[in-house]
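> Just need the structure, nothing else, for what follows:
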Amino acid sequence: GFAAFPLPRRAGGIATLFIGYEDFAAQPALVRKINLATQSAFTKRQQGLGWLYGILVGILVAVLCYNLTLYAVLGYRFQLYYCIMSFGFLVYTLSWPGFLLYLLPGLEMAALTRTAFIAAGVGVSTGVFFFLRFVERGLFTRLWVRLAEALAGAAIVTAILSAFAPATLAGVLDLIYNFTLLLLAAVAIGLILWAAIKGSRAVWFFVAASGFLVTGGVMKIASATGFAARQDLNDTGVFIGMAMEALILSIGVADRIRQLRDERNNAMQIQQRLAFEAGTDQLTGLTNRRGLAQRVEGCVGPAPRDVGLLLLDIDHFKQINDTYGHPVGDKVLAKIGETLTEISRTSDVTARVGGEEFLVFVPDAYAEELPHIGERIRRSVRALTFADIPEGISVSVGTAFMAGMRASDYESLYQRADAALYRAKAGGRNRVEASPAEMSQNSAATSNETSPPSAG
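Coordinates of the predicted model:
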């Protein structure tokens with residue numbers, strides 16, 4: 001602050017100026033060393049300080065508006081506490097040097113001092129709430145979190161009480177406020193060290209940002225107590241620290257949001273992979289029975305569609321397992337899975353639906369092409385060679401076609417293909433049998449009217 005008053009003219013000049021005060025309540029805040037300056041020197045100094053404070057206020061306003069917008073979109077709790085903290089710093093920067101008087105000319109000095117005192121308490125204490133939700137989850141026990149929150153809340157309450165307390169209680173409440181801040185600082189330092197030990201990434205943004213505020217506060221205290229020269233840099237250090245802390249933490253908030261987004265994307269990928277694995281046969285890599293219903297519904301969709309279904313069964317597979325062992329049988333299953341994947345189109349659904357039973361679901365199929373597809377599969381499997389099975393292997397295939405199929409018709413289609421497979425096995429195996437040709441558009445419409453059970 002400053003006071004302007006005329007000095008009497010004397011030939012020898014003025015060597016010493018005495019200023020007295022009485023009944024001054026805020027003793028700790030009293031400036032005991034006063035600098036004298038001419039009008040021109042004072043104006044020049046005020047212009048420089050005006051530019052400095054303008055930059056600092058601009059930084060605080062910019063990061064506050066930016067993060068308020070982000071909070072409105074994303075809604076993270078730590079963003080809200082960051083905005084409250086930045087707003088406290090902004091009000092303190094405007095009120096303590098007196099710039100708030102330009103916005104509110106009728107504001108009394110007592111109210112200005114209270115505003116600065118409360119804003120500082122809210123800004124610093126809310127920073128603790130921000131820190132607890134800014135760092136990664138699971139770092140602190142509930143007890144330490146509740147202790148830090150209780151101390152931060154107590155600091156805000158005592159700051160408000162101290163600002164409005166009568167002169168007889170101001171000293172006691174000020175002592176309680178400072179003691180609460182010391183306890184809060186001790187707990188906060190412990191939490192910061194613990195988060196760093198646990199490998200937190202976010203904590204380093206908080207450490208870097210707090211370093212500026214702590215340094216500025218030390219400079220301000222040293223200047224006020226006479227341990228450092230009263231210079232503009234020392235006097236404004238705490239305001240510079242607040243602006244730099246808000247700026248660095250704004251960068252930290254953006255980094256934390258990116259980290260949370262990556263964690264969410266990784267979780268979604270894991271969920272998708274688990275869902276894929278749950279619907280996939282691990283031995284063959286084909287769709288299993290669990291995932292088949294979803295794949296069929298995805299292929300058919302809400303509109304009717306002409307589809308075909310092929311069921312194939314490995315001939316005498318139990319004898320292969322009994323003669324050559326289950327590891328050889330697993331090789332046979334895996335090789336047939338590879339063969340079906342190579343032969344089928346990307347739009348087809350290939351699945352293992354039983355121990356030695358496989359399925360190929362063919363969207364947009366033609367009735368006359370299904371036996372040819374089945375024959376191609378039968379020949380490809382027959383051509384496979386296994387060192388452990390000199391006689392080779394074969395499959396029996398049953399096919400079925402349905403025009404205008406809906407997802408609810410799948411069970412009927414499957415039963416017809418299964419009946420054709422049964423005829424292929426009864427007819428001597430290693431052959432392809434098609435469902436009777438009478439299953440045409442009319443019979444498909446009939447099956448739609450009866451609404452048989454859905455797949456799965």
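> remind me, longest helix of the protein?
Longest helix of the chain, by residue count under DSSP state H: helix 237-278.
> What are the contacting residues of whichever helix or strand comes after it?
Proceeding N to C from helix 237-278, the next assigned helix or strand is helix 289-300, under DSSP states H and E. Helix 289-300 is contacted by residues 276, 278-280, 287, 305, 307, 347, 349, 351, 353-354, 359, 361, 363, 405-407, 410, 454-456 when judged by CB atoms under 8 Å, 6 or more residues apart in numbering. C-betas here are computed from N, CA, C, even on glycine.
> Pull out the buried positions in helix 289-300.
By neighbour count with 16 or more other CB atoms under 10 Å, helix 289-300 contains the buried residues 289, 291-293, 295-297, 299-300.
> same question, stretch 420-431
Quick answer for stretch 420-431 (16+ other CB under 10 Å): 420-421, 424-425, 430-431.
> Report the spatially nearest residue to the residue most central in space within the chain, omitting neighbours in sequence.
The residue lying closest to the centre of the chain (CA atoms, centre = their mean) is Leu260, at 2.5 Å. Spatial nearest neighbour of Leu260, excluding adjacent residues (CB to CB, 6 or more residues apart in numbering): Tyr76 at 7.4 Å.
> What of Val61?
Leu90 (6.6 Å).
> Just give me the neighbour total for the one you found.
Using other CB atoms under 10 Å, Leu90 has 22 other residues around it.
> Verify the assumption that it is located in a strand.
No. If the criterion is DSSP: H, G, I helix; E, B strand; the rest coil, then Leu90 is helix and not within a strand.
> for the chain, what spans make up the strands?
305-314, 349-352, 357-363, 395-405, 432-434 (DSSP state E).
> What's the separation between the residue lying closest to Tyr366 once chain neighbours are set aside and Ile176?
Distance criterion CB to CB, 6+ apart; nearest residue to Tyr366, sequence neighbours excluded, is Asp306 at 7.3 Å. Taking CB to CB, to the nearest Å as the measure, Asp306 and Ile176 are separated by 82 Å.
> Same question for Trp96.
21 Å.
> So between these two, which is more surrounded?
Between Trp96 and Ile176, counted using other CB under 10 Å, Trp96 has the larger neighbour count: 20 against 17.
> Correct me if wrong: that one contacts Ala116.
Yes. Assessed by CB atoms under 8 Å, Trp96 is found in contact with Ala116 at 4.1 Å.
> In the stretch 201-350 of the chain, where is pLDDT below threshold?
Low-confidence segments of the stretch 201-350 of the chain (pLDDT under 70): 220-235, 275-277.
> 80 instead?
Applying pLDDT under 80 to the stretch 201-350 of the chain flags residues 216-236, 271-279, 298, 300-303.
> Kindly report the same for the stretch 51-200 of the chain.
Those would be 109-110, 167, 170-171, if you go by pLDDT under 80 across the stretch 51-200 of the chain.
> can you map out the helices along it?
Taking DSSP state H, counting those that start in this stretch as the criterion, the stretch 51-200 of the chain carries its helices at 77-95, 100-103, 109-134, 142-164, 167-197.
> Looking only at the third one, what residues are buried by neighbour count?
What it means is helix 109-134. 112-134.
> Same question for the shortest one.
Under the neighbour-count criterion of 16+ other CB under 10 Å, helix 100-103 has Leu100 buried.
> which residues are contacting that helix?
Here helix 100-103 has contacts from 91, 94, 107, 112, 115, using CB under 8 Å, 6+ apart.
> Select, from those, the two members most distant in space.
Val91 and Leu107 (12.3 Å; CB to CB).
> Between those two, point out the one with more neighbours.
Per other CB under 10 Å, whichever of Val91 and Leu107 has more neighbours is Val91, with 19 against 15.
> which residue packs closest to that one, ignoring adjacent ones?
Ala119 (3.8 Å).
> Quick one: residues contacting the one you found.
88-92, 95.
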